[in-house]
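Asker: Take a look and give me a structure for this.
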Amino acid sequence: MTRWLAISNRENSDVVIRKHVWGVPKRYANTIGRVQPGDTVLVYVGQKIVDRDVLPPALTGAFAVTSGVYEDTSRIFTAPQKLGDEVFPLRITLKPIKLFDPPMEFKQLLEHLQFITNKQQWSGHLRGKAMREIPEEDYAYIMQAAETPRD
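Answerer: The predicted structure follows:
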């Protein structure tokens, strides 16, 4: 079983939560092609500014992968402006394990995450990726932290 971090935005995280599906552009075929049923996916969302409020980078939930990769071009995801009319056609079906409500602030987890080797420039470990594999220990730490009450 492999643990994955899906790198998203808040709008697409909402799609994952509502529709139980994750999708990536075709250029990430090699990465999503390694995902197998039984793997798990944690959904990461980047910082977002809403009016004058800053929503920090966060994890929104943990999901079990229930399908192999399939192609679907229906428009359910919102593409960032730089990706134009991207539909994220390479998809997997998911089943919720735990929704993080409220979302878990990612920066508070950084010090304990092994895959983040540069704690000062941590975003470089995520930038330009749709998904990345994470160590079992990081997944276990995140799931344990999810059990700790948050405001």
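
Asker: tell me the helices in this structure, going along the chain?
Answerer: Counting by DSSP state H, one finds helices in the chain at the ranges 10-19, 29-32, 136-146.

Asker: What residues of the longest one count as buried?
Answerer: Buried residues in helix 136-146, defined by neighbour count with 16 or more other Cβ atoms under 10 Å: Asp138, Tyr139, Tyr141, Ile142, Met143, Ala146. (Each C-beta comes from the backbone N, C-alpha and C, glycine too.)

Asker: How about stretch 104-118?
Answerer: Within stretch 104-118, judged by 16+ other Cβ under 10 Å, the buried ones are Met104, Phe106, Leu109, Leu113, Ile116.

Asker: Stretch 45-55 now?
Answerer: In stretch 45-55, counting by 16+ other Cβ under 10 Å, buried: Val45, Gly46.

Asker: For it, C-alpha coordinates in CSV please.
Answerer: In CSV, the C-alpha atoms belonging to stretch 45-55 read as follows (Å, rounded to 0.1, in the frame of the first residue of the first chain):
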residue,chain,number,x,y,z
VAL,A,45,-4.8,22.6,-0.6
GLY,A,46,-2.6,25.6,-1.0
GLN,A,47,-3.0,29.0,0.6
LYS,A,48,-6.0,31.1,-0.6
ILE,A,49,-6.9,34.7,0.0
VAL,A,50,-10.6,35.4,0.4
ASP,A,51,-11.4,39.1,0.8
ARG,A,52,-9.0,40.0,3.5
ASP,A,53,-8.7,36.6,5.1
VAL,A,54,-5.9,34.2,4.4
LEU,A,55,-6.8,30.6,4.4
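
Asker: Could you give the separation of it from the chain centroid?
Answerer: What separates the centre of stretch 45-55 from the centre of its chain is 17 Å, taken as Cα atoms, centre = their mean, to the nearest Å.

Asker: same question for that stretch, mean pLDDT?
Answerer: With pLDDT averaged residue by residue, stretch 45-55 scores 85.

Asker: What of stretch 141-148?
Answerer: On average, stretch 141-148 scores 94.

Asker: Pull the distance from it to the chain's centre.
Answerer: Remark: stretch 141-148 is offset 16 Å from the chain centroid, using Cα atoms, centre = their mean.

Asker: Could you tell me the end-to-end distance of stretch 3-15?
Answerer: For stretch 3-15, the first-to-last residue distance is 20 Å (Cα to Cα, to the nearest Å).
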